[in-house]
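> Build the 3D model from these lines:
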Amino acid sequence: MRPDRLRALLDAVAAGRMAPDVAAEQLAGLPYEDLGFARLDHHRMLRRGFPEVVYGEGKRPQDLAAILKAYQAREMPALVTRLDGTKARSLRRRFPSMTYHPVARLGFLGPDSGEGVGRVVVISGGTSDGPVAEEAYWTARYLGARAEYHPDVGVAGLHRVLDLLPVLREARVVVAVAGMEGALPSVAAGLTGALVIGVPTSVGYGVQEHGKTALFAMLSSCVPGLLVVNVDGGFSAGYAAAVVNRLGEKG
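Next up is the predicted model:
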């Protein structure tokens, strides 16, 4: 249940427009909903301000459809990550209003204002980092942040990053996505006072070790205040950016 709907329900009980028993029945499913194969945490919206996000890999299309139907019945937005094209096509037949981003492998069912609040800036080292960067961008946007994405500004051409200085310095949070040696987040963190979240990707040759080199480089950065998420963790970075961005808006 969305916080605004919960407030309206409580106000209705307080004003005598709704019987307590009726309200109790509506609240009964708040902690979680047992679908038999999954237990949906509907209470997360109240605790975190964002609904539970669905991880698409390993789930059958019919199971994903049942989960989305449960969210839709409660008028809650649903975000599905790591959703391949075949499953997305199946779901869109059931939910025509669902938006799917094939590069990010991310699906969204719900309203998208396109505006958002604050400012989250996502940058990527190269176009090969695009799937992870776009996952971060769309996640932050769908969780309420005003987000923008600037691809292919890696340190092999440092002038590309420097051209973005005005944007980086106006950001509340910067998500820097890079593979290879993973230097971009350190550079970005050294140029701005915003919180920078580094996302190592598994892009690179040989010793790059499927993202380990980029991960270790970011973790051992000498720039203070650089936070790092898991390899290819675009969703984690986008979610964290949205949380920090929202806290800044409240402040």
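
> give the contact list for the residue lying closest to residue 208 once chain neighbours are set aside.
Leaving aside its chain neighbours, residue 208 sits nearest to residue 180 (6.3 Å; criterion: Cβ to Cβ, 6 or more residues apart in numbering). The C-beta positions use only the backbone N, C-alpha and C, and glycine is treated the same way. Contact partners of residue 180, counting by Cβ atoms under 8 Å, 6 or more residues apart in numbering, are 125-126, 154, 203-204, 208, 213-214.

> Give me the number of neighbouring residues for residue 138.
Neighbour count of residue 138, defined by other Cβ atoms under 10 Å: 27.

> My guess is it contacts residue 106. True?
Yes. Distance between residue 138 and residue 106: 5.2 Å, which falls inside the contact criterion (Cβ atoms under 8 Å).

> list the buried ones in the one helix or strand residue 147 maps to?
Using DSSP states H and E, residue 147 sits in strand 145-150. Of the residues in strand 145-150, those buried by neighbour count under the rule 16 or more other Cβ atoms under 10 Å are 145-150.

> Check stretch 221-232 too.
Under 16+ other Cβ under 10 Å, the buried positions of stretch 221-232 are 221, 226-229, 231-232.

> next one: it to chain centre, how far?
Relative to the centre of its chain, stretch 221-232 is centred 17 Å away, using Cα atoms, centre = their mean, to the nearest Å.

> ok, and what's touching that stretch?
Counting contacts by Cβ under 8 Å, 6+ apart, the residues outside stretch 221-232 that touch it are 132, 185-186, 189-190, 195-202, 210-212, 214-215, 218-219, 236-237, 240.

> Low-confidence regions, the stretch 151-251 of the chain specifically.
250-251 (pLDDT under 70).

> ranges for the strands of it?
Taking DSSP state E, counting those that start in this stretch to define them, one finds strands in the stretch 151-251 of the chain at 173-178, 195-200, 226-228.

> could you give the angle of the one helix or strand residue 140 maps to to strand 195-200?
Using DSSP H and E, residue 140 falls within helix 130-142. Per axes from the mean of the first three to the mean of the last three Cα atoms, to 10 degrees, the angle that helix 130-142 makes with strand 195-200 is 150 degrees.

> if you average pLDDT over helix 130-142, what comes out?
Average pLDDT, helix 130-142: 96.

> Could you name the helices and strands sitting against that helix?
Counting contacts by 3 or more Cβ pairs under 8 Å, 6 or more residues apart in numbering; DSSP states H and E, helix 130-142 is packed against strand 78-81, strand 106-109, strand 117-124, strand 145-150, strand 173-178, strand 195-200, helix 234-250.
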